[in-house]
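Enquirer: Build the 3D model from these lines:
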Amino acid sequence: MMFDGRSWRKEARQGMSGIADVAKLAGVSKSTASRALTGAGYVSDATRLRVVAAAAELDYVASTNAVSLATGRTQNIGVIMPYVTRWFFAEVLEGIHDALLQRDLDLTLYDARPGTQGRARIFEQFLARQRFDGLIAVGLEPSDHELERLLAIDRPVVGVVGEGGATSVVAIDDDNVSRRATEHLIGLGHRRIAFVGGGTGDFWSFVDQQRLQGYLETMATAGLSAYAEHAPSPVDLPGGYAAAVDLLAGVRDRPSAIVATCDEVAIGTIVAARRLGIRVPADLSVIGIDNHEYAEMFSLTTLAQQPREQGAAAVELLVEHIRDPGLPPTRLLLQARLMMRSSTAPPPGAGSAAYLDSELGDVL
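Expert: Residues are numbered from 1 along each chain as shown. As a prediction, this is how the structure comes out:
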C-alpha cells in the first residue's frame with residue numbers, strides 16, 4: 001500500500017499533531033525532531049530547518065512538559081512584585097508579559113504585598129518550589145531574611161529598580177533624575193525649592209533615598225542648601241496631597257517650586273495647591289518623575305521613565321543569565337527624558353535670565 005502524503009497531512013492537521021507526525025513529515029527520528037525543536041543537542045542547520053518547516057506545516061506546538069523533559073527547564077518565568085494594580089508595576093508587568101510571549105515563555109505572578117501573610121508564604125513556600133527557570137523581582141525592597149530566601153532558590157534573579165549588588169538589576173539613575181529635575185527649577189530662577197515624598201515612618205525605599213540625595217546635592221552645589229526642605233509622605237497621590245497641604249498652608253517661607261519623588265505625589269501636590277488657591281505654575285512650579293498616565297491630564301512637567309522598557313530589558317537580562325549561569329551581576333541603567341509641560345515656570349515676578357543674574361550671582 002502506497003503512503004499518501006497529502007491524506008496523512010490532512011489527518012494530522014485535523015487531529016493534535018505530535019512529535020511523531022513532525023518527525024515523519026521531516027523524514028527524521030523522533031529524537032532528532034525533538035532536539036531540533038528544543039535546542040537540546042546538536043542538529044545540523046539543514047535538518048533543523050526541515051523539522052521547523054514540518055512543525056509549522058502541521059501547526060505543531062511543543063508541550064511545556066515535553067520541552068521540560070528535553071531541556072530540564074520549566075519554560076516558565078516567575079515575577080514577584082509588591083503591588084499589581086499601581087501604575088508603575090502594572091506597566092513593568094506589561095513589558096515583561098510581552099517580552100515573554102515573544103520568547104514562548106510562560107509567566108507565574110506572585111503578589112507579595114508588604115506586611116501580609118501571603119508575602120511570607122511566598123518567600124517561605126512558593127519560591128522554594130522552584131517552578132520557574134528564573135525570577136524577576138519588581139520594586140520588591142526585600143528584608144535581609146527575604147533576600148536570603150531569594151538568593152537561596154538557586155535560580156537566576158533580576159531586579160527592576162533597587163540596589164542590585166547580589167543580583168542583576170534594571171533601573172533608571174534615580175540620583176541623576178532628581179538632579180535634573182532640581183536643575184530644571186533652578187534654571188527657571190527658583191531658590192526656595194522643596195522635595196516632597198518618601199521617608200515615612202521607619203521605611204525608606206532605595207529609590208526615594210536616591211532621589212532625595214540627588215535633590216539635596218544639587219541644592220548644595222547651587223549654594224541653596226539653606227532653602228532645602230523635605231516633606232515626607234507616602235509615595236502615592238493621597239500622600240502627596242496631605243504633605244503638600246501642610247507644606248503650602250503657610251504664606252511665609254512657602255516654597256516657589258517642588259520636586260516630587262514621583263508623579264503621583266506631584267499630582268497630589270497640584271490638587272492641594274489648587275484647593276488652597278495657589279496657582280500652578282504662576283505661584284508654584286511642580287515637577288515629577290515617571291510620566292504617569294495622568295501626567296498629561298494635569299499638564300505635569302516630568303522626567304519620563306519607560307517602565308515597559310524596563311520590564312522587557314529585565315526579561316532579556318534574565319534569559320542571558322539562564323543561558324549562562326556564570327554571568328556576573330550587572331546594573332543596567334536606562335535614561336529618563338524631560339517632558340516639558342505647563343506645571344513649571346519662572347517664580348512670581350521673575351524674568352528668568354535677569355532674575356538669575358541678580359539673585360544667584362555667580363553660584364551657577
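
Enquirer: Contacts only, for the closest residue to T261 other than its chain neighbours.
Expert: Leaving aside its sequence neighbours, T261 sits nearest to G197 (C-beta to C-beta, 6 or more residues apart in numbering; 3.1 Å). The C-beta positions use only the backbone N, C-alpha and C, and glycine is treated the same way. By C-beta atoms under 8 Å, 6 or more residues apart in numbering, the residues touching G197 are 208, 211, 231-233, 235, 239-240, 243, 260-262, 265.

Enquirer: can I see the domain layout of the protein?
Expert: 5-71, 76-172+307-336, 174-305+338-360 (automatic domain parsing).

Enquirer: For A226, see how far away D324 is.
Expert: 52 Å (C-beta to C-beta, to the nearest Å).

Enquirer: re earlier: ranking the domains of the chain by mean neighbour count, which comes first?
Expert: Comparing the domains of the chain by mean neighbour count (mean count of other C-beta atoms under 10 Å), domain 174-305+338-360 comes out on top with a mean of 20.

Enquirer: Now do that one, average pLDDT.
Expert: The average pLDDT within domain 174-305+338-360 is 91.

Enquirer: what do you get for stretch 58-70?
Expert: Stretch 58-70 shows a mean pLDDT of 57.

Enquirer: ditto for stretch 313-332
Expert: Mean pLDDT, stretch 313-332: 93.

Enquirer: what's the span of it from first residue to last?
Expert: Across stretch 313-332, the terminal residues are separated by 9 Å (C-alpha to C-alpha, to the nearest Å).

Enquirer: And for stretch 197-206?
Expert: Termini of stretch 197-206 sit 13 Å apart (C-alpha to C-alpha).

Enquirer: Equivalent analysis for stretch 257-270, please.
Expert: End-to-end span of stretch 257-270 (C-alpha to C-alpha): 11 Å.

Enquirer: what does stretch 99-115 give?
Expert: Start-to-end span of stretch 99-115 (C-alpha to C-alpha) is 30 Å.

Enquirer: Show the average pLDDT along that stretch.
Expert: Average pLDDT, stretch 99-115: 91.

Enquirer: what's the spacing between it and its chain's center?
Expert: 13 Å (C-alpha atoms, centre = their mean, to the nearest Å).

Enquirer: Confirm F195 sits in a helix?
Expert: No. Counting by DSSP: H, G, I helix; E, B strand; the rest coil, F195 falls outside a helix, being strand.

Enquirer: any idea how far I270 is from it?
Expert: 16 Å.

Enquirer: same check, this time on R337
Expert: Distance from R337 to I270, by C-beta to C-beta: 21 Å.

Enquirer: what's the answer for R121, then?
Expert: R121 is 40 Å from I270, by C-beta to C-beta.

Enquirer: same deal with R192?
Expert: Counting by C-beta to C-beta, the gap from R192 to I270 is 18 Å.

Enquirer: Please apply the same query to R48.
Expert: Using C-beta to C-beta, one obtains 58 Å as the distance from R48 to I270.

Enquirer: same check, this time on Q213
Expert: In terms of C-beta to C-beta, Q213 sits 24 Å off from I270.

Enquirer: P238 too?
Expert: As judged by C-beta to C-beta, P238 and I270 stand 13 Å apart.

Enquirer: all strands of the stretch 101-250 of the chain, in order?
Expert: For the stretch 101-250 of the chain, strands defined by DSSP state E, counting those that start in this stretch occupy the ranges 106-111, 134-138, 157-160, 168-172, 193-196, 229-231.

Enquirer: Just send those strands back as JSON lines, with distance to H145 too.
Expert: What follows is the strands of the stretch 101-250 of the chain, written out as JSON lines (distance: least, C-beta to C-beta, whole Å):
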{"stretch": "strand 106-111", "distance to H145": "16"}
{"stretch": "strand 134-138", "distance to H145": "15"}
{"stretch": "strand 157-160", "distance to H145": "16"}
{"stretch": "strand 168-172", "distance to H145": "20"}
{"stretch": "strand 193-196", "distance to H145": "31"}
{"stretch": "strand 229-231", "distance to H145": "30"}
